[in-house]
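> Here is my input, please return the structure:
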Amino acid sequence: MENQWHKILFLCNDTGLERQLKKLEQRIEVLNLNRMLSELLINIPKKKYPLYVEEILQNFLNDQSKLYLLQHIEILFDPVLQINPVRLLENISKRNRLIIKWPGKYTNGILIYAESGHPEYFTCSDFEGKVIVN
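Okay, the predicted model is just below:
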(Lines give C-alpha, C1' and ligand atoms only; values in the text may rest on other atoms or scores of the structure.)
Protein backbone atom coordinates (compact mmCIF):
# COMPACT_ATOMS: atom_id res chain seq x y z
CA MET A 1 0.00 0.00 0.00
CA GLU A 2 2.80 2.40 0.86
CA ASN A 3 3.98 2.74 -2.74
CA GLN A 4 0.52 3.41 -4.17
CA TRP A 5 -0.86 6.86 -4.86
CA HIS A 6 -4.29 5.77 -3.59
CA LYS A 7 -3.80 3.64 -0.49
CA ILE A 8 -7.20 1.96 -0.45
CA LEU A 9 -8.53 -1.57 -0.17
CA PHE A 10 -12.20 -2.54 -0.47
CA LEU A 11 -13.41 -5.57 1.50
CA CYS A 12 -16.50 -7.02 -0.16
CA ASN A 13 -18.68 -9.67 1.50
CA ASP A 14 -17.48 -11.27 4.70
CA THR A 15 -13.88 -12.04 3.90
CA GLY A 16 -12.85 -12.94 7.44
CA LEU A 17 -10.00 -10.50 6.94
CA GLU A 18 -11.88 -7.82 8.85
CA ARG A 19 -11.82 -9.93 12.05
CA GLN A 20 -8.11 -10.57 11.63
CA LEU A 21 -7.43 -6.86 11.11
CA LYS A 22 -9.28 -5.89 14.29
CA LYS A 23 -6.78 -7.99 16.27
CA LEU A 24 -4.09 -5.49 15.31
CA GLU A 25 -5.71 -2.71 17.34
CA GLN A 26 -2.51 -0.79 18.02
CA ARG A 27 -1.87 -0.22 14.32
CA ILE A 28 -5.43 -0.16 12.98
CA GLU A 29 -8.13 2.27 13.97
CA VAL A 30 -11.67 1.04 13.33
CA LEU A 31 -14.14 3.82 12.59
CA ASN A 32 -17.92 3.74 12.27
CA LEU A 33 -18.60 6.40 9.63
CA ASN A 34 -22.38 6.38 10.09
CA ARG A 35 -22.04 7.34 13.75
CA MET A 36 -19.22 9.85 13.27
CA LEU A 37 -20.81 11.77 10.43
CA SER A 38 -24.37 11.73 11.73
CA GLU A 39 -23.25 13.09 15.11
CA LEU A 40 -21.27 15.92 13.55
CA LEU A 41 -23.60 16.83 10.70
CA ILE A 42 -26.63 17.21 12.98
CA ASN A 43 -25.82 20.89 13.69
CA ILE A 44 -25.06 21.79 10.07
CA PRO A 45 -27.79 22.83 7.60
CA LYS A 46 -28.46 20.07 5.04
CA LYS A 47 -27.58 22.36 2.14
CA LYS A 48 -24.05 22.66 3.54
CA TYR A 49 -23.43 18.92 4.09
CA PRO A 50 -21.37 18.52 0.89
CA LEU A 51 -18.99 21.22 2.10
CA TYR A 52 -18.23 19.51 5.42
CA VAL A 53 -18.16 15.74 4.84
CA GLU A 54 -14.54 15.48 3.70
CA GLU A 55 -13.34 17.96 6.32
CA ILE A 56 -15.04 15.98 9.10
CA LEU A 57 -13.48 12.74 7.89
CA GLN A 58 -10.02 14.30 7.58
CA ASN A 59 -10.26 15.45 11.20
CA PHE A 60 -10.69 11.83 12.31
CA LEU A 61 -8.11 10.44 9.89
CA ASN A 62 -5.27 12.59 11.13
CA ASP A 63 -2.51 10.03 11.76
CA GLN A 64 -0.76 9.00 8.54
CA SER A 65 1.12 6.22 10.36
CA LYS A 66 -2.14 4.37 11.11
CA LEU A 67 -4.17 2.04 8.98
CA TYR A 68 -7.87 2.93 9.12
CA LEU A 69 -10.66 0.37 8.79
CA LEU A 70 -13.79 2.27 7.79
CA GLN A 71 -17.01 0.39 8.36
CA HIS A 72 -20.71 1.29 8.35
CA ILE A 73 -20.19 3.71 5.47
CA GLU A 74 -23.83 3.64 4.31
CA ILE A 75 -24.32 7.31 5.21
CA LEU A 76 -21.99 8.26 2.34
CA PHE A 77 -24.63 7.09 -0.16
CA ASP A 78 -27.33 9.41 1.18
CA PRO A 79 -28.37 11.67 -1.72
CA VAL A 80 -28.55 14.64 0.68
CA LEU A 81 -24.74 14.58 0.96
CA GLN A 82 -24.36 15.04 -2.82
CA ILE A 83 -21.03 13.20 -2.95
CA ASN A 84 -19.50 10.31 -4.83
CA PRO A 85 -18.47 7.99 -1.97
CA VAL A 86 -15.70 6.26 -3.91
CA ARG A 87 -14.13 9.53 -5.10
CA LEU A 88 -14.27 10.91 -1.56
CA LEU A 89 -12.55 7.81 -0.15
CA GLU A 90 -9.98 7.83 -2.96
CA ASN A 91 -9.16 11.46 -2.23
CA ILE A 92 -8.68 10.70 1.46
CA SER A 93 -6.57 7.65 0.57
CA LYS A 94 -3.92 9.88 -0.99
CA ARG A 95 -2.88 10.83 2.55
CA ASN A 96 -4.11 7.88 4.61
CA ARG A 97 -4.09 4.10 4.31
CA LEU A 98 -7.71 2.94 4.17
CA ILE A 99 -9.49 -0.37 4.30
CA ILE A 100 -13.15 0.02 3.42
CA LYS A 101 -15.78 -2.49 4.54
CA TRP A 102 -17.92 -2.20 1.38
CA PRO A 103 -21.61 -2.56 2.31
CA GLY A 104 -22.67 -3.72 -1.14
CA LYS A 105 -21.29 -6.18 -3.61
CA TYR A 106 -18.57 -6.42 -6.21
CA THR A 107 -19.55 -7.97 -9.53
CA ASN A 108 -17.70 -7.98 -12.86
CA GLY A 109 -15.33 -5.22 -11.77
CA ILE A 110 -18.13 -2.99 -10.44
CA LEU A 111 -18.66 -1.85 -6.85
CA ILE A 112 -22.42 -1.79 -6.24
CA TYR A 113 -24.46 -0.39 -3.39
CA ALA A 114 -28.23 -0.88 -3.06
CA GLU A 115 -30.62 -2.15 -5.71
CA SER A 116 -31.40 -0.43 -8.99
CA GLY A 117 -34.26 2.03 -8.46
CA HIS A 118 -33.37 2.69 -4.80
CA PRO A 119 -32.58 6.38 -4.08
CA GLU A 120 -29.12 5.41 -2.79
CA TYR A 121 -28.29 3.08 -5.70
CA PHE A 122 -24.65 3.52 -6.65
CA THR A 123 -22.24 1.79 -9.01
CA CYS A 124 -18.59 2.45 -9.74
CA SER A 125 -16.37 0.63 -12.22
CA ASP A 126 -13.66 3.27 -12.51
CA PHE A 127 -11.88 3.29 -9.15
CA GLU A 128 -8.41 3.04 -7.68
CA GLY A 129 -7.30 0.54 -5.11
CA LYS A 130 -7.75 -3.18 -4.71
CA VAL A 131 -10.80 -5.32 -3.94
CA ILE A 132 -10.87 -8.45 -1.79
CA VAL A 133 -13.94 -10.65 -2.26
CA ASN A 134 -14.88 -13.77 -0.37
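> alpha carbons only for contacts and neighbour counts from here, please
Noted.
> worst-scoring helix or strand of the chain, pLDDT-wise?
Counting by mean pLDDT, DSSP states H and E, the chain has its least confident helix or strand at helix 17-22, which shows a mean of 62.
> Only the buried residues of the next helix or strand after it, if you could.
Downstream of helix 17-22, the next assigned helix or strand under DSSP states H and E is strand 28-32. Taking 16 or more other Cα atoms under 10 Å as the basis for neighbour counts, the residues of strand 28-32 that come out buried are 28, 29, 30, 31.
> And for stretch 124-134?
By 16+ other Cα under 10 Å, the buried positions in stretch 124-134 come out as 128, 129, 131.
> where's residue 11 relative to residue 50, distance?
Separation of residue 11 from residue 50 (Cα to Cα, to the nearest Å): 25 Å.
> of these two, who's got more company?
Counted by other Cα atoms under 10 Å, residue 11 and residue 50 do not tie: residue 11 has more neighbours, with 25 against 13.
> How about the contacts made by that one?
Contact criterion Cα atoms under 8 Å, 6 or more residues apart in numbering gives 18, 99, 100, 101, 102, 131, 132, 133 as the residues in contact with residue 11.
> Surely the last one touches residue 104?
No. Counting by Cα atoms under 8 Å, residue 104 is not a contact partner of residue 133; they are 11.2 Å apart.
> Residues in contact with both of the two, list them for me.
Taking Cα under 8 Å, 6+ apart as the contact rule, the neighbours common to residue 133 and residue 104 are 12, 13.
> Let me know the average pLDDT across stretch 108-125.
Mean per-residue pLDDT for stretch 108-125: 97.
> contact partners of that stretch?
Contacts to stretch 108-125, defined as Cα under 8 Å, 6+ apart, come from residues 77, 78, 79, 86, 103, 104, 105, 106, 126.
> how distant is it from the center of its chain?
The chain centre lies 15 Å from the centre of stretch 108-125; the measure is Cα atoms, centre = their mean, to the nearest Å.
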